[in-house]
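A.B. asks: coords below, sequence missing:
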């Protein structure tokens, strides 16, 4: 599961890596044949609502990338789309933000000044680092100069050179919703500046992080890249491979959620930045949005509605009532 979490979680903020080989890019739909899967159920992903006398905010957990032909639309989702005046996403090419951070420029400048990761690792960890990168289609020198968090996210999104199955961002929930709202000439907004979110995470590139990476590399068994991120990672096939997507499409909401890069400093930092801090900010945004009359559809990653730091938990902490509507 970890590979798919990483592969779908960071597509928009990593847009400046367009030079990466085509075969490694999610959305390159001519590169691989999909895993086969069966859907013998009526899709009904979880939707929540926050309401007051003149405002309704629907909250839909999404999957950013899905296999071709995966069904997720439900009558309720169709109804919500019809009712909503505006769509709010984590990131969108159709949302204007004149004050958005120029992540590409800031990151390229940071990489130009950066000491390579291999020079900062312990001698015992360096050969493992090279082996991990060599398991992918990416050139060693390019990954070695990236800020370490960016390198780990990129390696996680690329993984083994495997032509057996791919999730495609073009078939994810957000592009479909964008098409619906564009066709109705309704506005699309973003809940945050994704560039600022990613840059705040990627600035975590210090000696303590390098020490944790060295430990992870030395502990790595040398098996497939998925095992680097999770000791209990395993490859799955067919319906089992898409188990998480099926659970989401059925409307199941897990009690626990983590980005999935272990419980060390790196894993804790990523969870804190990408889950806890963002969910806190999003709950504040939702509270403020209630002051704006109308109907809004907020569609963000399903993992933000799971676990003990979820958006729902943050809403509870603010005393903002919500209800699940399916």
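C.D. replies: Nice, thanks for sending it over. Bear in mind that the values here come from a model prediction, so they are computed numbers and not experimental data. Residues are numbered from 1 along each chain as shown.

A.B. asks: So what's the residue count around the residue lying closest to residue 150 once chain neighbours are set aside?
C.D. replies: Spatial nearest neighbour of residue 150, excluding adjacent residues (C-beta to C-beta, 6 or more residues apart in numbering): residue 202 at 5.0 Å. (Each C-beta comes from the backbone N, C-alpha and C, glycine too.) Neighbour count for residue 202, taken as other C-beta atoms under 10 Å: 22.

A.B. asks: Got the phi and psi for residue 202?
C.D. replies: Backbone torsions of residue 202, given as degrees, to the nearest 10, read phi -70, psi -10.

A.B. asks: pretty sure it is touching residue 152, no?
C.D. replies: No - counting by C-beta atoms under 8 Å, residue 202 does not reach residue 152; the two are 10.1 Å apart.

A.B. asks: ok, the residue nearest to residue 150 - contacts?
C.D. replies: 107, 110, 147, 149-150 (C-beta atoms under 8 Å, 6 or more residues apart in numbering).

A.B. asks: neighbour-wise, which of the residues you listed leads?
C.D. replies: residue 150 (24 neighbours).

A.B. asks: Can you classify it as helix, strand or coil?
C.D. replies: helix (DSSP: H, G, I helix; E, B strand; the rest coil).

A.B. asks: so how far is residue 315 from residue 60?
C.D. replies: 15 Å (C-beta to C-beta, to the nearest Å).

A.B. asks: Quick check: the residue nearest to residue 150 vs residue 108, distance?
C.D. replies: 12 Å.

A.B. asks: Over to residue 302?
C.D. replies: For residue 302, the distance to residue 108 - C-beta to C-beta - is 32 Å.

A.B. asks: quick one: which of those two has more around it?
C.D. replies: residue 302 (24 against 11).

A.B. asks: Dihedrals phi and psi, the more buried one?
C.D. replies: phi -60, psi -30.

A.B. asks: which element follows the strand or helix carrying residue 271 toward the C-terminus?
C.D. replies: Element membership for residue 271, per DSSP states H and E: helix 265-271. Scanning forward in sequence from helix 265-271 by DSSP H and E, the next helix or strand is helix 278-289.

A.B. asks: same for the helix or strand following that next one, what does it pack against?
C.D. replies: Sequence-wise, the next helix or strand downstream of helix 278-289 (DSSP H and E) is strand 294-301. Applying 3 or more C-beta pairs under 8 Å, 6 or more residues apart in numbering; DSSP states H and E, we find strand 294-301 packed against strand 55-62, helix 75-83, strand 86-89, helix 173-183, helix 278-289.

A.B. asks: Next, the buried residues of strand 294-301.
C.D. replies: Within strand 294-301, the residues that count as buried by 16 or more other C-beta atoms under 10 Å are 295-301.

A.B. asks: and it, which strands flank it?
C.D. replies: strand 55-62 (parallel), strand 86-89 (parallel) (DSSP bridges).

A.B. asks: now the longest one against helix 173-183, angle please.
C.D. replies: Read that as strand 55-62. 140 degrees (axes from the mean of the first three to the mean of the last three C-alpha atoms, to 10 degrees).

A.B. asks: Next, the angle helix 278-289 makes with strand 55-62.
C.D. replies: Put simply, strand 55-62 runs at 160 degrees to helix 278-289, going by the same axes, to 10 degrees.

A.B. asks: Just want the angle from strand 55-62 to helix 75-83.
C.D. replies: Using the same axes, to 10 degrees: strand 55-62 against helix 75-83 is 130 degrees.

A.B. asks: So which residues lie in contact with strand 55-62, not counting its own?
C.D. replies: 45-51, 77, 80, 83-84, 172-174, 177, 248, 253, 286, 289-306, 311, 322, 325.

A.B. asks: Now do that strand: distance to the chain's middle.
C.D. replies: 18 Å (C-alpha atoms, centre = their mean, to the nearest Å).

A.B. asks: Then the shortest one?
C.D. replies: When C-alpha coordinates are averaged (C-alpha atoms, centre = their mean), strand 86-89 and its chain have centres 17 Å apart.

A.B. asks: Return the members of the contacts of strand 55-62 classed as buried.
C.D. replies: The buried subset of those (16+ other C-beta under 10 Å) comprises 45-50, 77, 80, 84, 172-174, 177, 248, 253, 286, 289-290, 295-306, 311, 322.

A.B. asks: For the helices and strands packed on strand 294-301, give me TSV that also has distance to residue 196 and mean pLDDT.
C.D. replies: As requested, the helices and strands packed on strand 294-301 are exported to TSV (distance: least, C-beta to C-beta, whole Å; pLDDT from 0 to 100):
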stretch	distance to residue 196	mean pLDDT
strand 55-62	21	98
helix 75-83	29	98
strand 86-89	16	98
helix 173-183	19	96
helix 278-289	11	97
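
A.B. asks: Now distance to residue 192 too, for these, in TSV please.
C.D. replies: Formatted as TSV, those follow (distance: least, C-beta to C-beta, whole Å):
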stretch	distance to residue 192
strand 55-62	15
helix 75-83	21
strand 86-89	10
helix 173-183	14
helix 278-289	7
